[in-house]
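Chemist: curious how this folds, go ahead:
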Amino acid sequence: MWLTGLRIILPNGEIECGSIEIIGERIAAVITGDRPADSQEPWFDGQGLIALPGLIDLCGDLLERELEPRPGSLFPVEAALHEFDKRLAGAGLTTTCVVLTLDAAHAHWRSRRPDHVKSVARMIMAHQATFLTDLHIHLQCSPDLPDAPTFVDMLLAEGLCDLVGLRAITGDMATVAAAAWQHRIPLAIHQLASIEDVANARELGIQLSLFPRTLEIAQAARNQGLVIAVSAPDLVRDQSIANELDVREALRQGIATILVADESPISLLQALFVLEREQQLPLHAAVAMATTNPAAVLGLTDRGAIAPGLLADLVLVEPGRLPHVRMTLRRGVPIYRRM
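Modeler: Numbering: from 1, shown residues only. As a prediction, this is how the structure comes out:
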């Protein structure tokens, strides 16, 4: 299949008008100009659309609200997952680390209690083949969880986690970090609150800092070799509701290199075009923050860019002040289409 007439965003630039050939699940060719005139393959005319790699999110916590719209009102897990998955595809996400938060058994949010987290994680893994998008699990661990290392180690041993996030560097978190290292799972820290915590995070082997509280803390973490991720919703609304970090400045200075969807899947695509429109970054550099860079954190070498040999995870976008997803493809198959 050929996708033709597209502005194609590449890792280090773009093709103003080009075509992408897909054979099976992978990209076979990326060329300038129209598809070959003698090609007998089916084709889609994407005139006026922009082709991006499928978006990759390391921290999307919307599922918890689908599972439990109000505290204590649990929704059927399978139905919540189905709706969540559809929303991701419509927002141009093809790979997502779904946040599941482990909290104490008496936690206000029932969906964060250990037994419920375990059942949801198992259902995600059991139904992987039925989802439109590629769902991974980002396990956030609260310091209030009794015997956290034992429970986390059990989930890791079952292969139910692809990213471990620590909500604080206290208590048993060093043991949790050791368990993640043993299972070769990347580690993240949420909302680094002090320069002292940066040194502690580095000692624990943490690779990713999500939402550091201030620019100074973010810079210190970057200097220690941590990858910095910031909130796409904060960029879109030009306001942080969780910390004092100036997201635009962190991106402008090159301190932050990853954008995450956080509570809003649609914000990830919008944020990329905000950066281009405000001339903070060329579009290919902005797109890398939601594709190539998060893929590297997860060790996913088969996606994150438009290049021959990689999976045909693609998003075709209608540009404008509010960009619209016209088509999302995962492994060469359209999973969302709006004509």
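Chemist: spatially central residue for the protein, please.
Modeler: Centroid-nearest residue in the chain: Asp57, 0.5 Å away (criterion: CA atoms, centre = their mean).
Chemist: now do the residue of the chain positioned farthest from its centre, the pLDDT please.
Modeler: Distance to the chain centre peaks in the chain at Asp38, reaching 39.0 Å (criterion: CA atoms, centre = their mean). For Asp38, the pLDDT comes out at 85.
Chemist: His190 now?
Modeler: 92.
Chemist: bridged to it, which residues?
Modeler: Legend: beta-bridge partners of His190 under DSSP bridges are Leu210.
Chemist: I figured it hits Leu210, correct?
Modeler: Yes: counting by CB atoms under 8 Å, His190 touches Leu210, with 5.0 Å between them. The way it works is simple: take the backbone N, C-alpha and C, and place the C-beta from them, glycine included.
Chemist: can you pull the residues that touch both of those two?
Modeler: Gly165 (CB atoms under 8 Å, 6 or more residues apart in numbering).
Chemist: the more surrounded of the two?
Modeler: Ranked by neighbour count (other CB atoms under 10 Å), His190 and Leu210 place Leu210 first, with 25 against 21.
Chemist: report all helices and strands that the helix or strand containing Val198 contacts.
Modeler: Here Val198, judged by DSSP states H and E, is contained in helix 195-203. In this structure, helix 195-203 makes packing contacts with helix 215-223, judged by 3 or more CB pairs under 8 Å, 6 or more residues apart in numbering; DSSP states H and E.
Chemist: other residues contacting whichever helix or strand comes after the helix it packs on?
Modeler: The helix or strand immediately downstream of helix 215-223 is strand 227-231, counting by DSSP H and E. Strand 227-231 is touched from outside by 58-59, 188, 207-212, 218, 221-222, 240, 242, 245, 247, 250-251, 255-260, 262, 293-294, 297, with contacts defined as CB under 8 Å, 6+ apart.
Chemist: avg pLDDT for the helix or strand hosting Ala285?
Modeler: Ala285 belongs to helix 283-288 when assigned by DSSP H and E. Here helix 283-288 scores 96 as its mean pLDDT.
Chemist: again with stretch 56-76
Modeler: 87.
Chemist: how far does that stretch sit from its chain's centre?
Modeler: The chain centre lies 16 Å from the centre of stretch 56-76; the measure is CA atoms, centre = their mean, to the nearest Å.
Chemist: that stretch spans what distance, first to last residue?
Modeler: 26 Å (CA to CA, to the nearest Å).
Chemist: what does stretch 284-302 give?
Modeler: Stretch 284-302: ends 19 Å apart by CA to CA.
Chemist: buried set for it?
Modeler: 284-298, 300 (16 or more other CB atoms under 10 Å).
Chemist: for the residue nearest to the centre of the chain, give me its contacts.
Modeler: Asp57 neighbours (CB under 8 Å, 6+ apart): Leu93, Thr95, Thr96, Cys97, Val260, Ala261, Pro265, Leu268, Ala290, Pro294.
Chemist: check Gly60 too.
Modeler: Leu88, Leu93, Thr96, Cys97, Val98, Val99, His138, Val260, Ala261, Asp262, Pro265.
Chemist: and for Arg222?
Modeler: Ile228, Ile255.
Chemist: ok, now which ones touch Ala104?
Modeler: Arg113, Ser142, Asp144, Leu145, Pro146.
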